[in-house]
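Asks: Here is the input, now give the coordinates:
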Amino acid sequence: MHRWVIVLVIGILVPGVLGAGEAKRVPQEYLDSIVDDDPNPLPRGLAPGETVPVLDWADRIPLTPPTGTVRTPPEYALNDGMLIRWGSFNALLTEMTVGVTTGTDATIWVVVSSGLLSSATTTLSGAGANMDQVEFIIYSADSVWIRDYGPRFISEDGARSIVDHTYNRSRPNDNAFPDHLTTLWGEMQYDIPLVHGGGNFHLFGDGEAFMTELILDENSGLTAQDVEDLFMDYEGLDLTIMPPFPTWYDSTQHIDMWMLPVADREVIIGEYPASDSQVYSVTEDAVTLLEGRGYTVHRTPGWSSGGTHYTYTNSVVINEVVLACQFANANPGYADEDAAAVATFEAIYPDRQIVPVDCSAIIGYSGAIHCIVMHVPDVEPPLFADGFETGDTSAWQ
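Replies: A predicted model of the protein is given here:
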């Protein structure tokens, strides 16, 4: 039986109600002094010798989905905070942590091995992070790409629960992290019987969700209807499966490399040169589809250079702060594209703080900042100051 999404809407996320201040920027000389503990990080795509895990469909049948009323909050809704993994791209993680903990009241949960706890604490505090909003989870994960292996959170009957998938990389410590978090936080966990990378997934507050056909390629024997049914059963979402970018352009084929939900029925789709014909077709067809469904579609630049896919849709929206990808620090020739992306975010979010974040070092690994965080939603609907609840459908924007 399918449980159709129920959108419970209370209040509006208004900048300032969270008691946040101005998001601080970390001096460049401090960022330049930060050294990665793992100087050779795993890529977001398959590393040499890695394979995509294979699940036997017959073994998936006994798994049980939630039985209560299920709602999956969108990323642009109110969040308790987000998860990151420390060890590689530490300067980038520091820049993000400082911006979030000083610009919102969100918590940053830092997944870190015991041997790196002291240096992570010193680095983040020295950069100016609000350490009252930083919590450490001692765990030895394999990679920084926590969006792809981390837990997806749902609300079941008003309580936060975890939905876990089999990570589409042969990285056992990464794959086991949601199990560890389930035990640590004491939350219910449901195992959705799919091989999946979490960045190939986006959703909106009204229950619509999107991913690319990668999900079918990595789950042979399943039809599109099978996958759609699973996301309805486990997360209460009405899923649309869309064509992916070709692997020669984007090795991940994840939808978060060219789409970013920003509000109910409002989205950013990357805008690519017509000369990149396959990519251009995918994104322009997506614009046509979404506008036909009543979405407002914004555009930010996207392109490929030297075998690297550059995108601004892999940015992060969290409460009062928008962490916006930037690339001109390493290549001044991209200054116009950086400015255009920031201008788009400013137009969408005139009352939120737009914090530019240098993604030059990470983008060559087939991902950016959305790939290295996992939002932890506040599943309890916010209240007005007087506690009065309403049915206003703008609540989770």
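
Asks: Next up, phi/psi of Glu156, please.
Replies: Torsion angles at Glu156 (phi, psi; degrees, to the nearest 10) stand at phi -120, psi 110.

Asks: so who does it touch?
Replies: By C-beta atoms under 8 Å, 6 or more residues apart in numbering, the contact set of Glu156 is 66, 68-70, 188. Every residue, glycine included, has its C-beta placed from N, CA and C.

Asks: can we see that at 10 Å?
Replies: 3, 65-71, 163, 187-188, 190, 235-236, 379 (C-beta atoms under 10 Å, 6 or more residues apart in numbering).

Asks: So Arg299 belongs to a strand, correct?
Replies: Yes - residue state for Arg299 (DSSP: H, G, I helix; E, B strand; the rest coil) corresponds to a strand.

Asks: Any idea what it is bridged to?
Replies: Ile269 (DSSP bridges).

Asks: Please work out how many residues are found near it.
Replies: Residues within reach of Arg299, counting by other C-beta atoms under 10 Å, total 17.

Asks: do the same with Gly45
Replies: Gly45 has 18 nearby residues by other C-beta under 10 Å.

Asks: doesn't it fall inside a helix?
Replies: No - under three-state DSSP, Gly45 sits outside any helix and is assigned coil.

Asks: Tell me how many other residues crowd Thr252.
Replies: Neighbours around Thr252, by other C-beta under 10 Å: 26.

Asks: Was I right to think it contacts Pro43?
Replies: Yes - between Thr252 and Pro43 there is a contact under C-beta atoms under 10 Å: 9.1 Å.

Asks: Break down the stretch 201-350 of the chain into its strands, ranges please.
Replies: 202-203, 208-212, 238-242, 259-263, 266-271, 296-305, 308-311, 316-318, 321-326 (DSSP state E, counting those that start in this stretch).

Asks: May I see these organised as a markdown table, with distance to Pro350 and mean pLDDT added?
Replies: Shown next, in a markdown table, are those (distance: least, C-beta to C-beta, whole Å; pLDDT from 0 to 100):
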| stretch | distance to Pro350 | mean pLDDT |
| --- | --- | --- |
| strand 202-203 | 23 | 98 |
| strand 208-212 | 25 | 98 |
| strand 238-242 | 30 | 98 |
| strand 259-263 | 12 | 98 |
| strand 266-271 | 14 | 98 |
| strand 296-305 | 13 | 98 |
| strand 308-311 | 23 | 98 |
| strand 316-318 | 14 | 98 |
| strand 321-326 | 11 | 98 |
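
Asks: For Trp109, find the nearest of the ones you listed.
Replies: With C-beta to C-beta as the measure, strand 316-318 is the member of the strands of the stretch 201-350 of the chain nearest Trp109 (12.6 Å).
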